[in-house]
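**Q** give me the fold of what follows.
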Amino acid sequence: MGSQRDDAFAHSENAAGKKEPVIDHLAEVARLAGEFASVWGAGEAACAAGWLHDLGKYAPLFQQVLKREQVMVDHATPGALALLERYRNDGIAAALAVQGHHEGLGSGTPRDLQCSVRMSTEKSVSGRTYSCRDTARLLQRLVDDGGRLPTAIKGGYPSQRGAVADMLSVRMLFSALTDADFLATEAHFKGSAEGMVYRSSGHTLGPDACLEKLRAFRARLERESTASSVVQALRSSLFEACLSAGEQDPGLFTLTAPTGTGKTLSTLAFALKHAATHKLRRIIVVLPFLSLIEQTAHVYREVLANTGTHIIEDHSLVEYDSERESRLLAENWDAPLILTTTVKFFESLFANRSSACRHLHNIANSVVIFDEAQSMPPHLAVPSLAAIAELCSSYGCSVVFSTATQPAFDSLQAAVQEFSAAGWHTREIAPPSLNLFSRAERVHTRWWREPLSSAEVASRIAENHQCLAVVNLKRNARTLYESVRNGRADSAFHLSTNMCPAHRLDTLSSVKQRLNQGFACHLVSTQCIEAGVDLDFPTVWRALGPLESIIQAAGRCNRNGRLEAGSFNVFVPVAEDEHYPGTDYMHGAVQVKLMLAKASFDLHDPKTVRAYYQAFFAAIQAGKRNEPLQAAIKALSFQEVARLYRWIQKYSVSVLVPYSGRLDEFHELSAEARQSGLSKSWTRRAGPLAVGAILRQNSRLLECLEPIRDKQRQETGWYILLNPDLYSPELGLSDVTDTDAYFVV
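**A** Alright, predicted model coming up:
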């Protein structure tokens, strides 16, 4: 059979009037996918997947799809079957990637794969007609057109490395294939008469030049800093320790250092030095909170200005409209420095759809920094740690878990090793000889043994010129704020996730300004303030909660060491106010109570933190948590794992609110939603004005919400608040249930 390249097309005409022959598309995808996966040694497998992913498009039935004479045709399964027939067991992972490159990864067991690709039924599970059952005929056509399949590929799936390791190997191959497919298809449709036009690639990381800029930036900060000499010395010690550690061999690291010691710049120093030493491709910074993301991105852009380093933020609230290149690069993380959220990073490691997995291959050979590592939900700890261990073991990554309250994750070693043979083995960046925690003691801690009411706490807060109070629930914050406001109306502020992100950021800006200018300031907040917010109060009150939350609150007290000692107070609320936002949070508070009952302890001693986490993980049986998820992982069910692996439970709705600071935007977004329905661009722009809410059945809020529908007029879980009286300029959205889901995605 001779080559007939011009009678089988992969894509319809582009703007230049050119169709794309199947062979051209397969060759481009094979080239790109092989290049992407060669970074971790899977180039041949990805290349084979690229050659065969659209093999079914050679069939006449698919050609009718391009002519709009057919719909619902499955062109992926023939390629998956061809991979199994040609490479046997070594082709299983590639076949899974090919089979799922449009509809997502399904079951990952070899038996289920064999059953699903045999095409023994009239239609596929999704109701599509197979484009062709004769794979031998399709393969011959590929060869006749000049296709060159690898003679052999590396397989080893499933292996003895553990289920998380095995599933990640498929997702990484899946990522390389789907990104290559996206890019090649895009290049065709953007093409001209001269040929395909690829998007601009992200700049490469220049770590040496960036490091030079970072040193200069730090020197300027030291000259201008108002922090005490003790704090400045601590920051310098940590910075130099991170630089030195950057020369160590790649692997899994922890950085355990007190709040206020400059971890943001120090971890960047480690990452740049490490990347320069080991020729790593990019730096990925993973952060849990919106305020921390915005703050870190601002600092990095200031530090690395004029270096040509493209810094990409990838989360739901970032606005790309003014910078199209950034939006494109965020799709597959093709940039030297990425800032993303814990939710997005981890959920993509356990996803099954191409949109969520597309960037995974670009994580390989990177430095990954997890800031505020204590924020990992305990019920996801074991599979999450197994995935991180695998990134280090098999994909050339170095990972840093950075926090002031380092969880004792090594106590979960046996459970982690069940899912990844690499296990959990870390090296601490900050050497014990630095004595960081003893040198960083800047507060006097008082534990109030007798329960205190909101009125009693409010009166003590009001006695201070500047004071922060952190409580466990939004309703507690509301009650305490109202009591404080009665006596300090001109200086009282409130912060909680009932306020939209734009409102919270503006409030934090006002608070910081008053603190810096020496004005009276009394802030009442939920725990959404505790990590990554650079505020410095002379006095802090904290309701009893988990130890990591208490220590984080202490980090806002005398942060810059300008006082001999700040006043940090931990109190137990009266019985009617002693409630917690979740079961794990409650268990953490209980462990603190048990520790206090036995003996007094040093809040700032890392040994205290370690003992607390060991007891906490044992009490909640962290190694066995989330049995349905662990069972789905062991069953290699990609679809079920993606459904069950959730940092944030999807039971809340999103409410667009009329925050007074951005009323024009609110009205523009409302009008657009009513006219055009929900879109990805709209949700991205609406994020800063959205509040996540769990609605009570009899809430008056229900009567004041207008549902936003998509283009098919289906409800989306987004609403517009119609009554502006229900959004307070002080408290945010009223009449919602008490939850504090403050992660962003």
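**Q** quick one: buried residues of stretch 179-191?
**A** For stretch 179-191, the neighbour count (16 or more other Cβ atoms under 10 Å) marks D179, A180, D181, F182, L183, A184, T185, E186, A187, H188, F189, G191 as buried. For every residue, glycine as well, the C-beta is placed using N, CA and C.
**Q** now that stretch: how far from the chain's centre is it?
**A** Put simply, stretch 179-191 sits 26 Å off its chain's centre (Cα atoms, centre = their mean, to the nearest Å).
**Q** can you check stretch 72-85 too?
**A** That offset, for stretch 72-85, works out to 33 Å (Cα atoms, centre = their mean).
**Q** do the same with stretch 715-728
**A** The answer for stretch 715-728 is 27 Å, by Cα atoms, centre = their mean.
**Q** average pLDDT across that stretch?
**A** Averaged across stretch 715-728, the pLDDT comes to 92.
**Q** any buried residues in it, and which?
**A** Buried, per 16+ other Cβ under 10 Å, within stretch 715-728: W718, Y719, I720, L721, L726, Y727, S728.
**Q** lowest-scoring secondary structure element of the protein by mean pLDDT?
**A** Least confident helix or strand, the chain: helix 324-332 with a mean of 76, by mean pLDDT, DSSP states H and E.
**Q** which residues touch it?
**A** 179, 182-183, 199-200, 202, 310, 312-314, 318, 320-321, 335, 358-359, 362 (Cβ atoms under 8 Å, 6 or more residues apart in numbering).
**Q** pull the longest strand from this protein.
**A** Looking across the chain with DSSP state E, the single longest strand is strand 443-452.
**Q** so what strands line up beside it?
**A** Using DSSP bridges, strand 443-452 pairs in its sheet with strand 566-573 (parallel).
**Q** CA atoms only: put the strand it pairs with into CSV for me.
**A** This file holds the C-alpha atoms of strand 566-573, laid out as CSV (Å, rounded to 0.1, in the frame of the first residue of the first chain):
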residue,chain,number,x,y,z
GLY,A,566,6.2,40.7,73.0
SER,A,567,3.2,39.6,75.0
PHE,A,568,1.6,36.4,73.7
ASN,A,569,-1.5,35.1,75.4
VAL,A,570,-3.2,31.7,74.9
PHE,A,571,-6.7,31.5,76.4
VAL,A,572,-9.4,28.9,76.6
PRO,A,573,-12.8,30.2,75.5
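**Q** tell me the mean pLDDT for that strand?
**A** For strand 566-573, mean pLDDT rounds to 95.
**Q** hang on, V691 in a strand?
**A** Yes - looking at V691 with DSSP: H, G, I helix; E, B strand; the rest coil, it is inside a strand.
**Q** and the helix or strand following the least confident helix or strand of the chain with helix 324-332, angle?
**A** Next helix or strand after helix 324-332 toward the C-terminus (DSSP states H and E): strand 337-341. Using axes from the mean of the first three to the mean of the last three Cα atoms, to 10 degrees, the direction of strand 337-341 lies 60 degrees away from that of helix 324-332.
**Q** residues in contact with strand 337-341?
**A** Contacts for strand 337-341 (Cβ under 8 Å, 6+ apart): 205, 282-288, 293, 296-297, 300, 304, 309-315, 743-745.
**Q** centre of the chain to it, how far?
**A** With Cα atoms, centre = their mean, you get 8 Å for strand 337-341.
**Q** how close does E665 get to K711?
**A** As for E665, its distance to K711 is 22 Å (criterion: Cβ to Cβ, to the nearest Å).
**Q** okay, these two: which has more neighbours?
**A** Neighbours were tallied for E665 and for K711 using other Cβ atoms under 10 Å; the higher tally belongs to E665 (17 against 9).
**Q** now, the buried residues of stretch 179-191 that are in helices?
**A** Those of the buried residues of stretch 179-191 mapping onto helices are D179, A180, D181, F182, L183, A184, T185, E186, A187, H188, F189, per DSSP state H.
**Q** please tell me how far the fourth one sits from P78.
**A** Okay, so that is F182. 21 Å.
**Q** likewise for the first one?
**A** Between D179 and P78 the distance, using Cβ to Cβ, works out to 22 Å.
**Q** tell me which helix or strand comes right after the strand or helix carrying V655.
**A** V655 belongs to strand 653-656 when assigned by DSSP H and E. Scanning forward in sequence from strand 653-656 by DSSP H and E, the next helix or strand is helix 663-676.
**Q** just the buried residues of that next one, please?
**A** Using 16+ other Cβ under 10 Å as the test for burial, helix 663-676 gives E665, F666, L669, S670, E672, A673.
**Q** which parts of the helix or strand that it is followed by are buried?
**A** Next helix or strand after helix 663-676 toward the C-terminus (DSSP H and E): helix 680-686. Neighbour-count burial for helix 680-686, counted by 16+ other Cβ under 10 Å, picks out W682, T683, R684, R685, A686.
**Q** just checking, G251 touches R427?
**A** Yes - the pair G251 / R427 is scored as a contact, 6.5 Å apart, by Cβ atoms under 8 Å.
**Q** who's more crowded, the two?
**A** Taking other Cβ under 10 Å, G251 and R427 do not tie; G251 has more neighbours (15 against 12).
**Q** just to revisit the earlier point, redo the buried residues of helix 663-676 as a markdown table? Include pLDDT.
**A** Shown next, in a markdown table, are the buried residues of helix 663-676 (pLDDT from 0 to 100):
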| residue | pLDDT |
| --- | --- |
| E665 | 97 |
| F666 | 97 |
| L669 | 97 |
| S670 | 97 |
| E672 | 95 |
| A673 | 94 |
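**Q** and G206, how close does it get to A276?
**A** From G206 to A276 the distance is 9 Å (Cβ to Cβ).
**Q** re the thing from before, buried subset of the contacts of strand 337-341?
**A** For the contacts of strand 337-341, a burial check counting by 16+ other Cβ under 10 Å picks out 205, 282-288, 293, 296-297, 300, 304, 309-315, 743-744.
**Q** list the ones among those that fall in strands.
**A** R282, I283, I284, V285, V286, L287, I311, I312, E313, D314.
**Q** low-confidence ranges in this structure?
**A** 1-5, 291, 316-325, 530-532, 649-651, 698, 735-745 (pLDDT under 70).
**Q** rerun that using 50 as the cut-off
**A** 1-2, 321-322, 740-745 (pLDDT under 50).
**Q** which residues of the stretch 1-150 of the chain fall in strands?
**A** Counting by DSSP state E, counting those that start in this stretch, one finds strands in the stretch 1-150 of the chain at the ranges 9-11, 20-21, 73-74, 129-130.
**Q** rebuild those as CSV, extending it with mean neighbour count.
**A** CSV is the format used below for those (neighbours: other Cβ atoms under 10 Å):
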stretch, mean neighbour count
strand 9-11, 21
strand 20-21, 20
strand 73-74, 21
strand 129-130, 18
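**Q** for V572, find the nearest of those strands.
**A** Across the strands of the stretch 1-150 of the chain, V572 has its closest neighbour in strand 73-74 (61.7 Å, Cβ to Cβ).
**Q** domain parsing for this protein?
**A** Each domain of the chain is listed here as a residue range: 5-189, 207-425, 442-603, 653-733, per automatic domain parsing.
**Q** among these, which comes closest to K624?
**A** Of all the domains of the chain, domain 207-425 sits nearest to K624, with 7.3 Å by Cβ to Cβ.
**Q** so how far is the closest one off the chain centroid?
**A** For domain 207-425, the distance to the chain centre is 11 Å (Cα atoms, centre = their mean).
**Q** stretch 561-577 too?
**A** Mean C-alpha position of stretch 561-577 versus that of the full chain (Cα atoms, centre = their mean) differs by 32 Å.
**Q** now do the buried residues in it.
**A** Per 16+ other Cβ under 10 Å, stretch 561-577 contains these buried residues: G561, L563, G566, S567, F568, N569, V570, F571, V572, P573, D577.
**Q** tell me which two of these sit farthest apart.
**A** Greatest spacing in those, by Cβ to Cβ: G561 and D577 (32.7 Å).
**Q** which SS class is G588?
**A** helix.
**Q** residues contacting it?
**A** G545, P546, L547, E548, S549, F616 are the contacts of G588 under Cβ under 8 Å, 6+ apart.
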